[in-house]
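# Quick one, what's the 3D model for this:
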Amino acid sequence: MKSLRGALLTLLCLLIWPVAAAPNLHLTPNQAHSIGERIWLNEGAGKIENLTVWNKGEDFPSFGIGHFIWYPAGIEGPFRESFPQLLQHLKQHTALPRWLTQSAAAPWRNREQFYAAIDSTEMKQLRHLLHQTVPQQVAFIVARMEAALPQILAALPTEAQRRHVKDQFYRVAQQPNGLYALIDYVNFKGEGTSPKERYRGQGWGLLQVLETMRDTPPALPEFVRAADAVLTRRVANAPRDESRWLPGWRARLQTYLK
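Model (predicted):
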């Protein structure tokens, strides 16, 4: 992790990001570094080779420390595609390989083709790019978090629902690990506002977790309990068997308490 630490601190020592959804809270450079490191550990064990993966049972590859989704041509899944948006963000900071700028969709038709090309020049270029832009990926993840609460509140129909969700958000955010939990969950399972991200009409994003939370303290264990309930419901509602993911998801939730 030494290269990650050095790259992040080089960039982040210049920045303090205000969390727009929580104007009285600030994400310091050290917090941003720690959160980026933990997200990479959660998603890819902090390994460079895991910056480009296509998981078994999925219809898309995932890239970067946040395993950002990129759909192949003709595939429209229920999950939010985020890798093209990451590329647009990275273009502001570095030159991209030409093949990436010319590919509107992931250029591999399936997992077998993807891994047949795993050691190709293009794939090596991509891993190098993703390894060199870890700080920018952290900034991209944080920006998504900054926009999450306004989107979530706008999706709720009543003032009582908005008040409950906002109260739970602030309760979690004010805990020592709270910003990590919120940022990681949004990166991990989304805001919960997209109508596409539903099984049997029920979502699994941050919105649904905050809705499920009770007012009982302490806030972080209650957040983890609610997230576990939401993800367990997702598995029960899923059109195909997702139970193999649940132990890993639960292990990830436990990192919010450490």
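# nearest residue to Thr94 other than its sequence neighbours?
Nearest non-adjacent residue to Thr94, counting by Cβ to Cβ, 6 or more residues apart in numbering: Thr133, 6.3 Å away. C-beta here means a position set from N, CA and C on the backbone, and glycine is covered the same way.
# so what's that neighbour scoring on pLDDT?
Looking at Thr133, its pLDDT reads 91.
# Repeat that for Ile141.
88.
# List the buried residues in the helix or strand harbouring it.
In the assignment (DSSP states H and E), Ile141 maps to helix 134-154. Residues 134-142, 144-146, 148-149, 151-153 are the ones in helix 134-154 that count as buried (16 or more other Cβ atoms under 10 Å).
# Repeat that for stretch 181-192.
Neighbour-count burial for stretch 181-192 flags Ala181, Leu182, Ile183, Asp184, Tyr185, Val186, Asn187, Phe188, Lys189, Gly190, Glu191, Gly192 (criterion: 16+ other Cβ under 10 Å).
# same deal with stretch 60-67?
Buried residues in stretch 60-67 (16+ other Cβ under 10 Å): Phe60, Pro61, Ser62, Phe63, Gly64, Ile65, Gly66, His67.
# And for stretch 195-204?
Residues Glu197, Arg198, Tyr199, Gly203, Trp204 are the ones in stretch 195-204 that count as buried (16+ other Cβ under 10 Å).
# Tell me how far the third one lies from Gln254.
What that stands for is Tyr199. According to Cβ to Cβ, to the nearest Å, Tyr199 and Gln254 sit 24 Å apart.
# same check, this time on the second one
With the distance defined as Cβ to Cβ, Arg198 ends up 26 Å from Gln254.
# again, but for the first one
As judged by Cβ to Cβ, Glu197 and Gln254 stand 23 Å apart.
# Please identify which helix or strand holds Arg127.
Applying DSSP H and E, one finds Arg127 within helix 121-132.
# avg pLDDT for stretch 55-64?
Averaging pLDDT along stretch 55-64 gives 94.
# Could you export it as PDB, CA atoms only?
C-alpha atoms of stretch 55-64 as PDB (Å, rounded to 0.1, in the frame of the first residue of the first chain):
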ATOM      1  CA  ASN A  55     -16.700 -11.500 -11.700                       C
ATOM      2  CA  LYS A  56     -18.400 -14.800 -12.300                       C
ATOM      3  CA  GLY A  57     -22.100 -14.500 -12.700                       C
ATOM      4  CA  GLU A  58     -22.000 -10.900 -13.800                       C
ATOM      5  CA  ASP A  59     -22.800  -9.400 -17.200                       C
ATOM      6  CA  PHE A  60     -20.100  -6.700 -17.000                       C
ATOM      7  CA  PRO A  61     -16.500  -6.000 -16.100                       C
ATOM      8  CA  SER A  62     -15.500  -3.800 -13.200                       C
ATOM      9  CA  PHE A  63     -12.600  -1.400 -12.900                       C
ATOM     10  CA  GLY A  64     -10.600   0.700 -10.500                       C
END
